[in-house]
Structures are given as C-alpha cells and as structure tokens.
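*Asks:* take this sequence and fold it.
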Amino acid sequence: MELNIQKDKQALGKAAGTKTAQLIRNAIEQNDKANIILATGTSQFQTLQQLVKEDIDWSKVVMFHLDEYIGMPVTHPASFRKYLKERFLDQVAPLNAYFLINGENNAEQERQHLNERIRQYPIDVALVGIGENGHLAFNDPPADFNTEDPYLIVNLDEKCRLQQMGEGWFTTLEDVPAQAISMSVKQIMKSAHIICSVPDSRKAQAIKDSVEQPVSPLYPASILQEHPSCGLYLDEASAALLTPALK
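*Replies:* Residues are numbered from 1 along each chain as shown. Here you go, the predicted structure:
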C-alpha cells in the first residue's frame with residue numbers, strides 16, 4: 001500500500017483521478033481494452049470529477065461498480081446507479097460496456113448474473129473508498145475475506161447505515177436499506193491496480209486502523225496492505241491520526 005497525502009480533498013481527487021487515467025491508458029495500450037471498477041459515495045466526488053476530464057478512449061473501457069442497495073429504485077437520490085449515470089456515464093463518451101447493479105427486483109438473480117459477467121473481465125483498475133467503520137465496498141466488519149463469489153448479498157451494520165444518513169443521502173436511519181449487493185473483498189483484491197480515495201476527518205480512525213492494525217476482518221480495508229499495487233489517497237484531515245513516521 002502506497003500512501004499519497006494531499007492538502008485537501010480537491011488535490012486528493014486530482015491526484016487520484018490523474019493516476020487512475022494513467023493506469024487505464026496503460027491497460028488500453030497493452031491490451032487494447034481496459035476493465036475498471038468504480039466506487040460511489042461522497043469520497044469519490046473529486047476523483048471522478050478529475051477522471052471524466054481525462055483523455056481516454058472510453059470505447060475500449062468496460063465498467064463494473066462496487067455495490068448497490070437492495071430495493072432501491074434508480075430514481076432515489078441515494079441510488080448508486082443514479083450516481084454513476086449522472087457523475088460518470090453521462091459525462092464521458094460511450095463505453096464499450098457497463099454493468100450497473102440493479103437491486104430493485106430479484107437480488108439473488110442479479111447477483112448471479114453479475115458473478116457470471118465479471119468473471120469474463122479481469123479487472124485492470126478498481127476505484128474504492130473506505131467507510132467510517134473500515135468497510136471495503138459494503139463488506140462491514142467482520143468482513144468475509146474467504147468467499148470466492150465476486151458479488152455477495154450483505155447486511156449493513158448500524159454504523160454503516162448511520163454514515164449514509166450523515167452524508168445526507170437519507171433523512172432517517174429507518175430510511176437506509178438494511179441490505180445491499182456488494183462486491184466481495186476477494187474480487188476487489190483480484191484487481192491489477194487499486195486506487196483508494198478517502199478524504200475527511202470522519203474517516204481518520206478508519207484510515208489509522210486500515211494502515212496500522214494487522215490485517216484482519218475486523219478492519220476490512222486493512223486487506224489492502226497485502227495488495228501489490230494499491231495507492232491510498234488521503235487529505236490532511238483523513239491522515240491526521242496516522243503515526244507521524246508514515247506521513
């Protein structure tokens with residue numbers, strides 16, 4: 001895991017988005033195609049803003065995304081499908097293909113469909129974040145580090161759901177869905193490169209745990225320590241609790 005600490009979230013997003021674009025272009029140059037994973041949530045705003053500005057042949061890119069609530073209509077402000085359509089897909093030239101998670105109807109059928117699809121596309125670059133509870137995608141602690149299934153149906157813990165409410169996506173805790181379809185930890189770790197963008201002071205303890213604690217399902221994002229090419233992009237606020245020698 002390589003730390004990249006920027007002054008603020010704008011600088012973080014520019015650095016992370018620029019690096020992501022470089023990795024995508026490299027994959028296209030080497031393989032004439034690139035397969036990517038995109039994350040959502042407030043942590044990804046600035047990174048995606050930079051990425052859509054980059055010069056990339058999007059017709060050679062296939063996109064998957066990390067997670068989506070079960071029972072969430074695409075018209076809901078918190079829908080991650082809506083998020084990616086508005087903040088990414090509508091901002092770039094048409095992709096070769098993209099696979100958005102539809103959790104509205106039969107979640108198990110959708111999960112199996114996604115599992116079949118993503119097995120056909122080795123991932124070159126994955127964009128991820130880290131939750132306030134240390135989760136990676138919606139793999140809340142204690143996370144399953146062992147399952148081989150690319151996508152899982154998961155239960156969201158209260159801290160995770162409180163974060164979604166606190167970020168303004170929902171009015172009350174009861175409004176936050178209790179389940180989601182989430183990419184598994186093992187599938188994320190199969191990506192050739194991972195760019196992890198994590199701004200804001202509310203993530204500082206999760207960052208400290210993810211970087212300084214031993215790798216453990218209790219700190220799901222700590223698994224990124226074991227990835228051979230993971231860039232962790234922080235701002236000064238999210239990096240505030242790290243041991244000074246690491247900064």
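*Asks:* the helices in this protein, which residues?
*Replies:* With helices called from DSSP state H, the chain shows them at 9-31, 45-51, 80-87, 107-118, 158-166, 185-189, 204-212.
*Asks:* which of those helices sits closest to Asn96?
*Replies:* Of all those, it is helix 9-31 that lies closest to Asn96, at 10.5 Å by Cβ to Cβ. Yep, even glycine has a C-beta here, placed from its N, CA and C like the rest.
*Asks:* what residues of the closest one count as buried?
*Replies:* By neighbour count, with 16 or more other Cβ atoms under 10 Å as the criterion, the buried positions of helix 9-31 are 9, 11-17, 19-21, 23-25, 27-28.
*Asks:* Val62 - how many residues pack around it?
*Replies:* 19 (other Cβ atoms under 10 Å).
*Asks:* mind putting the helices of the chain into CSV with mean pLDDT and distance to Asp175?
*Replies:* Compiled in CSV, these are given as follows (pLDDT from 0 to 100; distance: least, Cβ to Cβ, whole Å):
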stretch, mean pLDDT, distance to Asp175
helix 9-31, 98, 26
helix 45-51, 97, 22
helix 80-87, 95, 16
helix 107-118, 97, 19
helix 158-166, 87, 7
helix 185-189, 98, 27
helix 204-212, 97, 23
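*Asks:* reformat those helices into a markdown table and put distance to Ile223 next to each item.
*Replies:* Output for the helices of the chain, formatted as a markdown table (distance: least, Cβ to Cβ, whole Å):
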| stretch | distance to Ile223 |
| --- | --- |
| helix 9-31 | 19 |
| helix 45-51 | 20 |
| helix 80-87 | 22 |
| helix 107-118 | 18 |
| helix 158-166 | 17 |
| helix 185-189 | 6 |
| helix 204-212 | 9 |
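*Asks:* what sits up against the lowest-mean-pLDDT helix or strand in the chain?
*Replies:* The helix or strand of the chain with the lowest confidence, counting by mean pLDDT, DSSP states H and E, is helix 158-166 at a mean of 87. By Cβ atoms under 8 Å, 6 or more residues apart in numbering, the list of residues contacting helix 158-166 from outside reads 78, 131-133, 135, 138, 140, 170-173, 175-176, 178, 202.
*Asks:* tell me the one of the residues you listed nearest Val215?
*Replies:* Using Cβ to Cβ, His135 comes nearest to Val215 of the contacts of helix 158-166, at 14.8 Å.
*Asks:* now the residue nearest to that closest one when sequence neighbours are not counted: how far from Ala143?
*Replies:* Across the structure, with Cβ to Cβ, 6 or more residues apart in numbering as the measure, the residue nearest His135 apart from its sequence neighbours is Pro220 (5.2 Å). When distances are taken as Cβ to Cβ, to the nearest Å, Pro220 and Ala143 turn out to be 4 Å apart.
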